[in-house]
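**Q** Give me the fold of what follows.
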Amino acid sequence: MRYVFYSLAFLLVLLSAPLMVFCLFGLFQGLDVAQGLKSIARNLTGEELIYDVRQRYRSDLMVAKQRRVIWMGDLENEQLNEASGLAAARQNQGIHFSINDSGNAPQLFAFHADGRHVRSWIVDYSESHDFEDLASFTYEGQQYVLIADTGDNLYWRPEVRLLVIPEPDLGGVGDDSLAPAWVIRFRYPDGQRDVESVAVDEAEERIYLISKRRVPPELFSLPLRPKGAL
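**A** Numbers count the residues shown, from 1 in each chain. The predicted model follows:
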């Protein structure tokens, strides 16, 4: 009988270990663990989509532009193995930038339109991150790349961030790291969101973000250079 009890206790500890690691990690990172557990339960029950009953923007007022998709080549740099986001360089025609999704080092990659590798840099950013998208833009005569650290699959990040980095010099020697010119930290007005798409309106000096797993998707906007941005 005692053997059965110890076996069951060991099995219980073994099964609960991943949950304990999850909770400890969340607490250590300052995340909303309760909300994360709720999101996991919602995913397991197939209710991951959140339906919104607020006023919607009429789809017939939107203008969709059709574009033909052309295969250009394969990405040469195997370190870019989970590309998440694409932006065209402003200073070097035909060059594109991309980033990896979460679980990878904070790196920015540059490559030709056919996938040939040009260069990569480490982004000087030590916080836990989930990079999802990026956008290139010009502000006050300077070219920048904005990286959206806005991924939040579990809806448990109390704060998300946007990193604005000066567009790097492709020919620079010995400069293998990039420091953000400024970082925008913000929260959504009514709870967490998982956002995987970002765009910059240069004329209005606004950033636009589109939510995921929301029906219909939501569009958020914030200043490109808000007061207090570091």
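**Q** Which stretches in the chain count as helices?
**A** 2-28, 33-44 (DSSP state H).
**Q** which stretches of this protein have low pLDDT?
**A** 1-16, 22, 53, 55, 172-175, 228-230 (pLDDT under 70).
**Q** Nearest the middle, which residue of it would you pick?
**A** Glu132 (2.5 Å; CA atoms, centre = their mean).
**Q** you'd agree that residue is up against Asn153?
**A** No. The criterion here is CB atoms under 8 Å, and Glu132 misses it with Asn153 at 10.2 Å. Where you see a C-beta, it was placed from the backbone N, CA and C, and this is true even at glycine.
**Q** which non-adjacent residue is nearest Ala87?
**A** Leaving aside its sequence neighbours, Ala87 sits nearest to Ser136 (CB to CB, 6 or more residues apart in numbering; 4.2 Å).
**Q** Give me the neighbour count for that neighbour.
**A** Neighbours of Ser136 under the rule other CB atoms under 10 Å: 18.
**Q** ditto for Arg193
**A** When neighbours are defined as other CB under 10 Å, Arg193 has 23 of them.
**Q** Contacts only, for it.
**A** Arg193 is in contact with 150, 152, 155, 209, 211-212, 214, 218, 220, counting by CB atoms under 8 Å, 6 or more residues apart in numbering.
**Q** Write the ChimeraX selection for whichever of those are buried.
**A** Of those, the buried ones can be selected in ChimeraX as follows, counting by 16 or more other CB atoms under 10 Å:
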select :150,152,155,209,211,212,218,220
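**Q** which among the contacts of Arg193 gets closest to Pro166?
**A** Within the contacts of Arg193, the smallest distance to Pro166 is 20.6 Å, found for Thr150 (CB to CB).
**Q** Distance-wise, check the closest one relative to Leu163.
**A** According to CB to CB, to the nearest Å, Thr150 stands 10 Å off from Leu163.
**Q** And for Val195?
**A** 14 Å.
**Q** These two: who's more crowded?
**A** The neighbour count for Val195 versus Leu163, taken as other CB under 10 Å, is higher for Leu163 (27 against 24).
**Q** what are the bridge partners for that one, then?
**A** Beta-bridge partners recorded for Leu163 (DSSP bridges): Ile147, Val183.
**Q** So it is in contact with Pro180, correct?
**A** Yes. If you go by CB under 8 Å, Leu163 and Pro180 touch, sitting 4.6 Å apart.
**Q** Quick check: neighbours shared by these two?
**A** Shared contacts of Leu163 and Pro180, counting by CB under 8 Å, 6+ apart, come down to 123, 125.
**Q** So what pairs up with Leu222 in the strands?
**A** Leu222 has these beta-bridge partners by DSSP bridges: Ile207.
**Q** Please enumerate the strands of the protein.
**A** Counting by DSSP state E, one finds strands in the chain at the ranges 50-51, 83-88, 95-100, 107-112, 117-123, 133-139, 142-149, 160-166, 177-178, 182-186, 194-201, 206-212, 214-215, 219-223.
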